[in-house]
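In: I would like to see how this sequence folds:
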Amino acid sequence: MKNYYDKQIIPLKVRNSEAEAMSLDKGYYIEGRFETFSKEQYFDDLLSIYIPESFIDMPDEIKEIKYPTNFRPEIIKTNLAGDVNLSISLLKVSEDTEVKTLVTDFKSLLSKAHNGIKFLEYDELEKEGCVKMYCFDFIIPGIDA
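Out: Next up is the predicted model:
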């Protein structure tokens, strides 16, 4: 029988487990760690979103540092390291307002307020019977350094 070392067996077990459990209901392996999610409701049940169970509400004193303007998101969830944040704002607009224009203007405002901001993914989420959503990721250098 061959000799196997933990460093050989553990990655195999993780790969097998990753293949089995890959859904919001069961959980995901993220960077080798199993993450479970719970469905949260916000804005009087207008929005429901799956949030990692390990995320917490960002403490107020940290919010003031990471989001120095008074125009900070209404909901800010963060991992314990504080390097991944999920921030959510609800913009109330009239029927004749073009939301995509608001998103573009908001990104422009962020660019002016934070030198060196880097925008990543951008998604438009639309499903019949649901509110249209716009999501974008960004990195602001220096705040976490």
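In: Only C-alpha atoms from now on, for both contacts and neighbour counts.
Out: OK.
In: Any buried residues in stretch 41-52, and which?
Out: Within stretch 41-52, the residues scored as buried using 16 or more other C-alpha atoms under 10 Å are 51-52.
In: One more: stretch 23-34?
Out: Here stretch 23-34 shows 27-29 as buried, counting by 16+ other C-alpha under 10 Å.
In: Let's see which of these end up in strands.
Out: 28-29 (DSSP state E).
In: Just send the buried residues of stretch 23-34 back as TSV, with distance to D137 and pLDDT too.
Out: Putting those into TSV (distance: C-alpha to C-alpha, whole Å; pLDDT from 0 to 100) gives the following:
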residue	distance to D137	pLDDT
G27	22	85
Y28	20	81
Y29	21	79
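In: Domain map for this structure?
Out: Taking the TED database as the criterion, the chain consists of the domains 29-90, 91-144.
In: Which residue ranges of the chain form strands?
Out: Using DSSP E, strands in the chain cover 28-30, 33-35, 37-42, 47-52, 56-57, 75-78, 85-88, 118-125, 133-139.
In: In terms of secondary structure, what does the fourth one contact?
Out: Just to be clear, that refers to strand 47-52. Contacts defined by 3 or more C-alpha pairs under 8 Å, 6 or more residues apart in numbering; DSSP states H and E place strand 47-52 against strand 37-42.
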